[in-house]
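Peer 1: Build me a structure from this.
(chains A and B)
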2 protein chains.
Amino acid sequence: MKRKGEVPLMLLASFSVVLLAMTLSPGVRAQDGGPVYTSDGRLQQPQGFRHWKFIGAMVTPNGLNGGKAGFPEFHNVYIEQANFDAYQKNGVFPEGTVIVKELTLTRNSTYPDGSTDEASGRGFFEGEPNGLDVTVKDSKRFASTNNWGFFNFGHHAQPYAESSKESSKAECAGCHAAGASKTDMTWVQFYPNLRSKN
Amino acid sequence: MKRKGEVPLMLLASFSVVLLAMTLSPGVRAQDGGPVYTSDGRLQQPQGFRHWKFIGAMVTPNGLNGGKAGFPEFHNVYIEQANFDAYQKNGVFPEGTVIVKELTLTRNSTYPDGSTDEASGRGFFEGEPNGLDVTVKDSKRFASTNNWGFFNFGHHAQPYAESSKESSKAECAGCHAAGASKTDMTWVQFYPNLRSKN
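Peer 2: This is a model prediction of the structure:
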(Lines give C-alpha, C1' and ligand atoms only; values in the text may rest on other atoms or scores of the structure.)
Protein backbone atom coordinates (compact mmCIF):
# COMPACT_ATOMS: atom_id res chain seq x y z
CA MET A 1 0.00 0.00 0.00
CA LYS A 2 1.37 3.39 -0.96
CA ARG A 3 1.72 5.98 1.74
CA LYS A 4 1.01 9.62 1.07
CA GLY A 5 4.26 11.34 0.10
CA GLU A 6 6.03 8.43 -1.52
CA VAL A 7 5.33 9.37 -5.12
CA PRO A 8 6.29 13.05 -4.76
CA LEU A 9 9.47 12.01 -2.98
CA MET A 10 10.50 9.73 -5.82
CA LEU A 11 9.53 12.27 -8.45
CA LEU A 12 11.49 14.98 -6.71
CA ALA A 13 14.47 12.69 -6.26
CA SER A 14 14.48 11.84 -9.98
CA PHE A 15 14.05 15.48 -10.91
CA SER A 16 16.98 16.41 -8.65
CA VAL A 17 19.23 13.77 -10.20
CA VAL A 18 18.45 15.00 -13.70
CA LEU A 19 19.03 18.63 -12.72
CA LEU A 20 22.25 17.72 -10.93
CA ALA A 21 23.54 15.93 -14.04
CA MET A 22 22.66 18.95 -16.20
CA THR A 23 24.29 21.34 -13.77
CA LEU A 24 27.51 19.41 -13.41
CA SER A 25 28.16 18.72 -17.11
CA PRO A 26 31.50 20.50 -17.44
CA GLY A 27 31.15 23.44 -19.74
CA VAL A 28 28.48 21.98 -22.00
CA ARG A 29 26.23 24.81 -23.08
CA ALA A 30 22.65 24.29 -24.12
CA GLN A 31 23.28 24.79 -27.82
CA ASP A 32 25.99 22.13 -28.02
CA GLY A 33 24.62 19.33 -30.06
CA GLY A 34 26.82 18.25 -32.94
CA PRO A 35 25.97 18.31 -36.62
CA VAL A 36 22.41 18.11 -37.93
CA TYR A 37 21.72 16.93 -41.47
CA THR A 38 18.71 17.21 -43.73
CA SER A 39 17.14 14.03 -45.08
CA ASP A 40 19.15 14.42 -48.29
CA GLY A 41 22.47 14.74 -46.46
CA ARG A 42 22.95 18.49 -46.41
CA LEU A 43 24.43 19.99 -43.25
CA GLN A 44 22.12 22.42 -41.52
CA GLN A 45 23.64 25.74 -40.50
CA PRO A 46 24.97 25.43 -36.93
CA GLN A 47 23.10 27.63 -34.49
CA GLY A 48 24.54 29.84 -31.78
CA PHE A 49 28.14 29.34 -32.84
CA ARG A 50 29.16 32.87 -31.82
CA HIS A 51 28.62 31.66 -28.25
CA TRP A 52 30.92 28.68 -28.70
CA LYS A 53 34.53 28.59 -27.61
CA PHE A 54 36.68 30.99 -29.65
CA ILE A 55 40.01 29.40 -30.57
CA GLY A 56 41.65 31.98 -32.81
CA ALA A 57 41.39 34.61 -35.51
CA MET A 58 43.42 35.41 -38.56
CA VAL A 59 43.00 37.94 -41.32
CA THR A 60 43.62 37.53 -45.05
CA PRO A 61 42.69 40.98 -46.40
CA ASN A 62 41.42 41.46 -49.92
CA GLY A 63 44.07 44.18 -50.27
CA LEU A 64 46.87 41.65 -49.77
CA ASN A 65 45.29 39.04 -52.03
CA GLY A 66 44.86 40.66 -55.42
CA GLY A 67 41.62 42.33 -54.39
CA LYS A 68 39.82 39.08 -53.79
CA ALA A 69 40.90 36.90 -50.89
CA GLY A 70 39.82 33.27 -50.86
CA PHE A 71 38.47 33.95 -47.39
CA PRO A 72 37.44 37.60 -47.02
CA GLU A 73 38.71 38.71 -44.56
CA PHE A 74 38.90 38.02 -40.78
CA HIS A 75 38.44 34.34 -39.89
CA ASN A 76 36.91 33.91 -36.41
CA VAL A 77 37.06 30.25 -35.46
CA TYR A 78 34.87 28.51 -32.88
CA ILE A 79 34.41 25.01 -31.50
CA GLU A 80 31.86 23.60 -29.09
CA GLN A 81 33.10 23.59 -25.50
CA ALA A 82 32.71 19.84 -24.95
CA ASN A 83 34.84 19.07 -28.01
CA PHE A 84 37.41 21.66 -26.97
CA ASP A 85 37.63 20.00 -23.55
CA ALA A 86 38.02 16.57 -25.15
CA TYR A 87 40.76 17.84 -27.46
CA GLN A 88 42.67 19.38 -24.59
CA LYS A 89 42.40 16.16 -22.61
CA ASN A 90 43.17 13.66 -25.37
CA GLY A 91 44.81 15.61 -28.19
CA VAL A 92 42.17 14.27 -30.56
CA PHE A 93 38.97 15.84 -31.88
CA PRO A 94 36.01 13.59 -31.01
CA GLU A 95 33.63 12.18 -33.60
CA GLY A 96 30.96 14.76 -34.28
CA THR A 97 33.26 17.73 -33.70
CA VAL A 98 32.03 20.82 -35.53
CA ILE A 99 34.46 23.68 -36.20
CA VAL A 100 32.99 26.93 -37.47
CA LYS A 101 34.90 29.67 -39.26
CA GLU A 102 32.94 32.88 -39.59
CA LEU A 103 34.38 35.54 -41.86
CA THR A 104 34.06 39.27 -41.30
CA LEU A 105 35.13 42.07 -43.60
CA THR A 106 37.78 44.52 -42.49
CA ARG A 107 36.45 47.93 -41.55
CA ASN A 108 37.12 51.31 -43.16
CA SER A 109 40.09 50.43 -45.33
CA THR A 110 42.15 53.53 -46.05
CA TYR A 111 45.47 52.05 -47.23
CA PRO A 112 45.86 49.87 -50.34
CA ASP A 113 46.53 46.82 -48.15
CA GLY A 114 43.13 47.28 -46.49
CA SER A 115 44.46 48.54 -43.17
CA THR A 116 43.36 51.70 -41.43
CA ASP A 117 44.55 54.02 -38.68
CA GLU A 118 42.73 53.77 -35.39
CA ALA A 119 43.54 54.91 -31.86
CA SER A 120 45.34 51.66 -31.09
CA GLY A 121 47.53 51.82 -34.19
CA ARG A 122 47.53 51.00 -37.88
CA GLY A 123 46.01 47.64 -38.59
CA PHE A 124 42.98 45.62 -39.54
CA PHE A 125 39.69 45.94 -37.66
CA GLU A 126 36.60 43.77 -37.88
CA GLY A 127 33.58 45.01 -39.76
CA GLU A 128 30.47 43.13 -40.82
CA PRO A 129 30.01 39.34 -40.96
CA ASN A 130 30.75 38.02 -44.44
CA GLY A 131 30.65 34.25 -44.62
CA LEU A 132 30.48 30.89 -42.93
CA ASP A 133 32.53 27.71 -43.42
CA VAL A 134 32.05 24.59 -41.34
CA THR A 135 33.95 21.33 -40.91
CA VAL A 136 32.58 18.19 -39.28
CA LYS A 137 34.46 15.13 -38.12
CA ASP A 138 32.75 11.85 -38.97
CA SER A 139 34.99 8.92 -39.82
CA LYS A 140 32.21 6.99 -41.54
CA ARG A 141 30.44 9.71 -43.47
CA PHE A 142 33.65 11.44 -44.59
CA ALA A 143 36.08 8.50 -44.74
CA SER A 144 37.29 9.49 -48.19
CA THR A 145 38.48 12.93 -47.00
CA ASN A 146 40.48 11.98 -43.90
CA ASN A 147 37.38 11.82 -41.66
CA TRP A 148 36.28 15.42 -42.11
CA GLY A 149 33.52 16.95 -44.22
CA PHE A 150 33.66 20.55 -45.43
CA PHE A 151 30.69 22.84 -45.95
CA ASN A 152 30.33 26.39 -47.23
CA PHE A 153 27.28 28.49 -46.33
CA GLY A 154 28.30 31.43 -48.50
CA HIS A 155 30.99 34.10 -48.55
CA HIS A 156 28.74 37.13 -48.39
CA ALA A 157 26.72 39.25 -45.98
CA GLN A 158 24.05 37.61 -43.85
CA PRO A 159 21.81 35.71 -44.10
CA TYR A 160 23.96 32.66 -44.83
CA ALA A 161 22.50 29.54 -46.46
CA GLU A 162 20.28 27.46 -44.19
CA SER A 163 21.96 24.25 -45.32
CA SER A 164 24.95 23.22 -47.43
CA LYS A 165 25.96 20.21 -49.44
CA GLU A 166 29.44 18.81 -48.83
CA SER A 167 32.12 20.69 -50.72
CA SER A 168 34.25 18.77 -53.20
CA LYS A 169 37.74 17.59 -52.35
CA ALA A 170 39.14 20.20 -54.74
CA GLU A 171 37.27 23.00 -52.99
CA CYS A 172 38.33 22.29 -49.40
CA ALA A 173 39.57 18.88 -48.24
CA GLY A 174 42.49 18.78 -50.68
CA CYS A 175 44.06 21.89 -49.22
CA HIS A 176 43.53 20.72 -45.63
CA ALA A 177 45.03 17.32 -46.51
CA ALA A 178 48.06 18.98 -48.10
CA GLY A 179 48.72 21.34 -45.22
CA ALA A 180 47.18 19.90 -42.08
CA SER A 181 47.00 16.14 -42.42
CA LYS A 182 49.34 15.66 -39.45
CA THR A 183 47.04 17.68 -37.19
CA ASP A 184 43.75 15.97 -38.00
CA MET A 185 42.96 18.23 -41.00
CA THR A 186 42.82 21.23 -38.66
CA TRP A 187 45.21 24.21 -38.67
CA VAL A 188 45.91 23.95 -34.97
CA GLN A 189 49.07 26.03 -35.34
CA PHE A 190 46.86 29.10 -35.83
CA TYR A 191 44.75 28.53 -32.72
CA PRO A 192 46.62 29.60 -29.57
CA ASN A 193 43.62 28.91 -27.34
CA LEU A 194 43.63 25.25 -28.40
CA ARG A 195 47.13 24.96 -26.94
CA SER A 196 46.28 26.89 -23.78
CA LYS A 197 45.34 25.04 -20.63
CA ASN A 198 43.79 28.16 -19.06
CA MET B 1 3.65 16.37 14.87
CA LYS B 2 5.95 15.66 11.95
CA ARG B 3 5.13 12.74 9.72
CA LYS B 4 7.83 10.53 8.27
CA GLY B 5 8.78 11.87 4.85
CA GLU B 6 8.06 15.53 5.46
CA VAL B 7 11.61 16.68 6.06
CA PRO B 8 13.13 14.83 3.10
CA LEU B 9 10.36 16.20 0.90
CA MET B 10 11.12 19.77 1.92
CA LEU B 11 14.86 19.26 1.63
CA LEU B 12 14.51 17.76 -1.82
CA ALA B 13 12.13 20.50 -2.87
CA SER B 14 14.60 23.16 -1.74
CA PHE B 15 17.48 21.32 -3.39
CA SER B 16 15.49 21.13 -6.63
CA VAL B 17 14.73 24.84 -6.59
CA VAL B 18 18.40 25.70 -6.08
CA LEU B 19 19.47 23.34 -8.85
CA LEU B 20 16.77 24.66 -11.15
CA ALA B 21 17.95 28.22 -10.56
CA MET B 22 21.55 27.20 -11.28
CA THR B 23 20.55 25.32 -14.40
CA LEU B 24 18.39 28.07 -15.83
CA SER B 25 20.83 30.95 -15.28
CA PRO B 26 21.21 31.97 -18.91
CA GLY B 27 24.72 31.34 -20.06
CA VAL B 28 26.47 32.09 -16.79
CA ARG B 29 29.58 29.91 -16.60
CA ALA B 30 31.16 28.92 -13.34
CA GLN B 31 34.09 31.31 -13.65
CA ASP B 32 31.90 34.38 -14.10
CA GLY B 33 32.33 36.49 -11.06
CA GLY B 34 33.26 40.09 -11.73
CA PRO B 35 36.41 41.90 -10.64
CA VAL B 36 38.45 40.85 -7.62
CA TYR B 37 40.74 43.36 -5.88
CA THR B 38 43.59 42.95 -3.45
CA SER B 39 43.39 44.70 -0.09
CA ASP B 40 45.45 47.57 -1.50
CA GLY B 41 43.16 48.08 -4.48
CA ARG B 42 45.03 46.23 -7.20
CA LEU B 43 42.94 44.24 -9.67
CA GLN B 44 43.67 40.54 -9.61
CA GLN B 45 44.22 38.88 -12.98
CA PRO B 46 40.87 37.57 -14.27
CA GLN B 47 40.78 33.79 -14.48
CA GLY B 48 39.46 31.67 -17.31
CA PHE B 49 38.86 34.59 -19.65
CA ARG B 50 39.67 32.54 -22.77
CA HIS B 51 36.43 30.71 -22.05
CA TRP B 52 34.41 33.91 -21.89
CA LYS B 53 32.37 35.27 -24.77
CA PHE B 54 34.58 36.38 -27.68
CA ILE B 55 33.37 39.66 -29.15
CA GLY B 56 36.01 40.52 -31.74
CA ALA B 57 39.62 40.57 -32.84
CA MET B 58 41.77 43.16 -34.51
CA VAL B 59 45.43 43.23 -35.42
CA THR B 60 47.89 46.12 -35.18
CA PRO B 61 51.12 44.51 -36.43
CA ASN B 62 54.52 45.73 -35.31
CA GLY B 63 55.46 45.88 -39.00
CA LEU B 64 52.79 48.53 -39.66
CA ASN B 65 53.60 50.52 -36.52
CA GLY B 66 57.24 51.49 -36.76
CA GLY B 67 58.42 48.15 -35.44
CA LYS B 68 56.71 48.60 -32.09
CA ALA B 69 52.93 48.60 -31.94
CA GLY B 70 51.25 50.01 -28.86
CA PHE B 71 49.35 46.74 -28.67
CA PRO B 72 51.43 43.89 -30.18
CA GLU B 73 49.71 42.46 -32.17
CA PHE B 74 46.36 40.60 -32.36
CA HIS B 75 43.79 41.85 -29.84
CA ASN B 76 41.35 39.08 -28.83
CA VAL B 77 38.55 40.61 -26.79
CA TYR B 78 36.29 38.77 -24.33
CA ILE B 79 33.44 39.62 -21.97
CA GLU B 80 31.63 37.50 -19.41
CA GLN B 81 28.46 35.95 -20.83
CA ALA B 82 26.09 37.47 -18.27
CA ASN B 83 27.34 40.99 -19.04
CA PHE B 84 27.16 40.30 -22.77
CA ASP B 85 23.55 39.22 -22.34
CA ALA B 86 22.77 42.34 -20.31
CA TYR B 87 24.39 44.59 -22.93
CA GLN B 88 22.41 42.97 -25.72
CA LYS B 89 19.19 43.38 -23.75
CA ASN B 90 19.68 46.92 -22.46
CA GLY B 91 22.42 48.49 -24.58
CA VAL B 92 24.36 49.27 -21.41
CA PHE B 93 27.26 47.47 -19.76
CA PRO B 94 26.28 46.56 -16.16
CA GLU B 95 28.27 47.66 -13.13
CA GLY B 96 31.07 45.16 -12.58
CA THR B 97 31.51 44.40 -16.28
CA VAL B 98 35.02 43.15 -17.03
CA ILE B 99 36.33 43.31 -20.60
CA VAL B 100 39.57 41.47 -21.33
CA LYS B 101 41.87 42.12 -24.28
CA GLU B 102 44.50 39.45 -24.73
CA LEU B 103 47.25 40.18 -27.21
CA THR B 104 48.98 37.55 -29.35
CA LEU B 105 51.95 38.01 -31.62
CA THR B 106 51.59 37.40 -35.33
CA ARG B 107 53.16 34.19 -36.53
CA ASN B 108 56.03 33.67 -38.94
CA SER B 109 56.30 37.15 -40.40
CA THR B 110 57.90 36.98 -43.83
CA TYR B 111 56.97 40.35 -45.35
CA PRO B 112 58.04 43.73 -43.91
CA ASP B 113 54.47 44.44 -42.79
CA GLY B 114 54.52 41.29 -40.66
CA SER B 115 52.24 39.27 -42.88
CA THR B 116 52.96 35.80 -44.22
CA ASP B 117 51.73 33.45 -46.93
CA GLU B 118 49.62 30.55 -45.77
CA ALA B 119 47.27 28.16 -47.56
CA SER B 120 44.32 30.50 -47.03
CA GLY B 121 46.11 33.53 -48.43
CA ARG B 122 48.52 36.28 -47.47
CA GLY B 123 47.70 37.75 -44.13
CA PHE B 124 48.29 37.83 -40.39
CA PHE B 125 48.05 34.67 -38.30
CA GLU B 126 47.98 34.32 -34.52
CA GLY B 127 51.09 33.12 -32.72
CA GLU B 128 51.87 33.12 -29.02
CA PRO B 129 50.04 35.08 -26.29
CA ASN B 130 51.76 38.39 -25.61
CA GLY B 131 49.86 40.56 -23.18
CA LEU B 132 46.77 41.28 -21.17
CA ASP B 133 44.75 44.49 -20.72
CA VAL B 134 41.56 44.66 -18.67
CA THR B 135 38.85 47.26 -18.17
CA VAL B 136 36.29 47.24 -15.34
CA LYS B 137 33.10 49.28 -15.05
CA ASP B 138 32.51 50.69 -11.58
CA SER B 139 30.85 54.09 -11.40
CA LYS B 140 31.98 54.70 -7.82
CA ARG B 141 35.54 53.41 -7.90
CA PHE B 142 36.34 54.90 -11.32
CA ALA B 143 34.08 57.95 -11.36
CA SER B 144 36.92 60.23 -12.49
CA THR B 145 37.52 58.23 -15.68
CA ASN B 146 33.96 57.93 -17.02
CA ASN B 147 33.11 54.92 -14.81
CA TRP B 148 35.79 52.59 -16.14
CA GLY B 149 39.14 51.53 -14.69
CA PHE B 150 42.01 50.34 -16.89
CA PHE B 151 44.62 47.77 -15.94
CA ASN B 152 47.67 46.38 -17.71
CA PHE B 153 49.07 42.98 -16.77
CA GLY B 154 52.06 43.23 -19.11
CA HIS B 155 52.72 43.26 -22.84
CA HIS B 156 54.98 40.24 -23.01
CA ALA B 157 54.90 36.46 -23.06
CA GLN B 158 53.19 34.57 -20.25
CA PRO B 159 53.06 34.55 -17.31
CA TYR B 160 51.28 37.88 -16.96
CA ALA B 161 51.27 39.84 -13.71
CA GLU B 162 49.09 38.39 -10.98
CA SER B 163 47.66 41.80 -10.15
CA SER B 164 47.78 45.32 -11.54
CA LYS B 165 47.35 48.82 -10.21
CA GLU B 166 45.03 51.12 -12.12
CA SER B 167 46.67 52.72 -15.12
CA SER B 168 46.84 56.50 -15.27
CA LYS B 169 44.45 58.55 -17.35
CA ALA B 170 47.29 59.34 -19.74
CA GLU B 171 48.06 55.66 -20.25
CA CYS B 172 44.55 54.41 -21.08
CA ALA B 173 41.40 56.29 -20.08
CA GLY B 174 42.31 59.45 -21.96
CA CYS B 175 42.38 57.68 -25.29
CA HIS B 176 39.14 55.81 -24.58
CA ALA B 177 37.48 59.07 -23.54
CA ALA B 178 38.65 60.81 -26.70
CA GLY B 179 37.50 58.06 -29.05
CA ALA B 180 34.80 56.05 -27.36
CA SER B 181 33.04 58.28 -24.83
CA LYS B 182 29.73 57.97 -26.72
CA THR B 183 29.82 54.18 -26.47
CA ASP B 184 30.55 53.81 -22.75
CA MET B 185 34.35 54.00 -23.18
CA THR B 186 34.25 50.79 -25.24
CA TRP B 187 35.13 50.45 -28.94
CA VAL B 188 31.89 48.68 -29.78
CA GLN B 189 32.33 49.48 -33.46
CA PHE B 190 35.09 46.86 -33.61
CA TYR B 191 33.05 44.07 -32.00
CA PRO B 192 30.62 42.55 -34.50
CA ASN B 193 29.46 39.91 -32.03
CA LEU B 194 28.25 42.62 -29.65
CA ARG B 195 25.86 43.79 -32.35
CA SER B 196 24.74 40.28 -33.29
CA LYS B 197 21.58 38.84 -31.80
CA ASN B 198 22.58 35.27 -32.72
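
Peer 1: And stretch A:121-137, how far out from the chain middle?
Peer 2: For stretch A:121-137, the distance from its own C-alpha centre to the chain's C-alpha centre is 12 Å (C-alpha atoms, centre = their mean, to the nearest Å).

Peer 1: in it, what's buried?
Peer 2: Burial within stretch A:121-137, assessed by neighbour count using 16 or more other C-beta atoms under 10 Å in any protein chain shown, is assigned to A:121-127, A:129-137. Bear in mind the C-beta positions are built from the backbone N, C-alpha and C, glycine included.

Peer 1: contacting residues for residue A:164?
Peer 2: Residues near residue A:164 by C-beta atoms under 8 Å, 6 or more residues apart in numbering or on different chains: A:42-43, A:45, A:134, A:151-153.

Peer 1: let's go with 7 Å and repeat that
Peer 2: Contact analysis of residue A:164 by C-beta atoms under 7 Å, 6 or more residues apart in numbering or on different chains lists A:42-43, A:151-153.

Peer 1: can you tell me how far it sits from chain B?
Peer 2: Residue A:164 is 17 Å from chain B, where distance means C-beta to the nearest C-beta, to the nearest Å.

Peer 1: Residue A:161 too?
Peer 2: When C-beta to the nearest C-beta is applied, the distance between residue A:161 and chain B equals 15 Å.

Peer 1: wait, is that residue part of a helix?
Peer 2: No: assignment of residue A:161 by DSSP: H, G, I helix; E, B strand; the rest coil gives coil, placing it outside any helix.

Peer 1: shouldn't it be in contact with residue A:153?
Peer 2: Yes: with contacts counted by C-beta atoms under 7 Å, residue A:161 reaches residue A:153, the gap being 4.4 Å.

Peer 1: in what helix or strand does the residue sitting nearest the centre point of chain A lie?
Peer 2: For chain A, the residue sitting closest to the mean C-alpha position, by C-alpha atoms, centre = their mean, is residue A:100 at 2.3 Å. Element membership for residue A:100, per DSSP states H and E: strand A:98-106.

Peer 1: Please report how far residue A:74 lies from chain B.
Peer 2: 7 Å.

Peer 1: Determine the number of other residues adjacent to that residue.
Peer 2: 30 (other C-beta atoms under 10 Å in any protein chain shown).

Peer 1: The one 5 residues further on now?
Peer 2: Residue crowding around residue A:79 was assessed by other C-beta under 10 Å; the count is 25.

Peer 1: quick one: low-confidence parts of chain A?
Peer 2: Along chain A, the model assigns pLDDT under 70 to residues A:1-32.

Peer 1: Can you check which strand is longest in it?
Peer 2: Across chain A, the strand with the greatest residue count (assigned by DSSP state E) is strand A:121-137.

Peer 1: That one near chain B at all?
Peer 2: Yes: where contact is defined by C-beta under 7 Å from any C-beta of the partner chain, part of strand A:121-137 touches chain B, namely A:121-126, A:128-129.

Peer 1: Tell me which other helices or strands that strand touches.
Peer 2: Counting by 3 or more C-beta pairs under 7 Å, 6 or more residues apart in numbering or on different chains; DSSP states H and E, the packing neighbours recorded for strand A:121-137 are strand A:98-106, strand A:148-152, strand B:53-59, helix B:192-195.

Peer 1: close enough to count as contact, residue A:167 and residue A:151?
Peer 2: Yes: at 6.3 Å, residue A:167 and residue A:151 qualify as touching, with contact defined as C-beta under 7 Å.

Peer 1: Between these two, which is the more surrounded one?
Peer 2: A direct count of neighbours by other C-beta under 10 Å for residue A:167 and residue A:151 places residue A:151 higher, at 24 against 17.

Peer 1: Now the more buried one: closest residue in space, sequence neighbours ignored.
Peer 2: Here the nearest residue to residue A:151 in space, its sequence neighbours aside, is residue A:164; by C-beta to C-beta, 6 or more residues apart in numbering or on different chains that works out to 4.1 Å.

Peer 1: Residue A:87 too?
Peer 2: Leaving aside its sequence neighbours, residue A:87 sits nearest to residue A:93 (C-beta to C-beta, 6+ apart; 5.5 Å).

Peer 1: so which strand or helix has the one you found?
Peer 2: Secondary structure assignment for residue A:93, by DSSP H and E: no helix or strand.

Peer 1: quick one, what contacts it?
Peer 2: The contact partners of residue A:93, taken as C-beta under 7 Å, 6+ apart, are A:83, A:87, A:137, A:184, A:186.

Peer 1: so which of the residues you listed is the most crowded?
Peer 2: The member of those that has the most neighbours, counting by other C-beta under 10 Å, is residue A:137 with 24 neighbours.

Peer 1: Run a quick neighbour tally on residue A:59.
Peer 2: Burial of residue A:59, expressed as a neighbour count using other C-beta under 10 Å, amounts to 33.

Peer 1: ok, now the one 5 residues further on?
Peer 2: In terms of burial, residue A:64 registers 23 neighbours under the definition other C-beta under 10 Å.

Peer 1: Run through who's touching stretch A:53-66.
Peer 2: Applying C-beta under 7 Å, 6+ apart, the contact partners of stretch A:53-66 are A:68-69, A:71-81, A:84, A:106, A:109, A:112-114, A:124, A:190-194, B:51, B:54, B:57, B:59, B:74, B:76, B:115, B:120-126.

Peer 1: Quick check, residue A:95 in contact with residue A:137.
Peer 2: Yes: contact criterion C-beta under 7 Å: residue A:95 and residue A:137 qualify, at 6.0 Å.

Peer 1: and residue A:86, what element?
Peer 2: According to DSSP H and E, residue A:86 maps onto helix A:81-90.

Peer 1: Distance from that helix to the middle of the chain?
Peer 2: Distance, stretch centre to chain centre, for helix A:81-90: 13 Å (C-alpha atoms, centre = their mean).

Peer 1: who does it touch, helix- and strand-wise?
Peer 2: Using 3+ C-beta pairs under 7 Å, 6+ apart as the test, helix A:81-90 ends up in contact with no other helix or strand.
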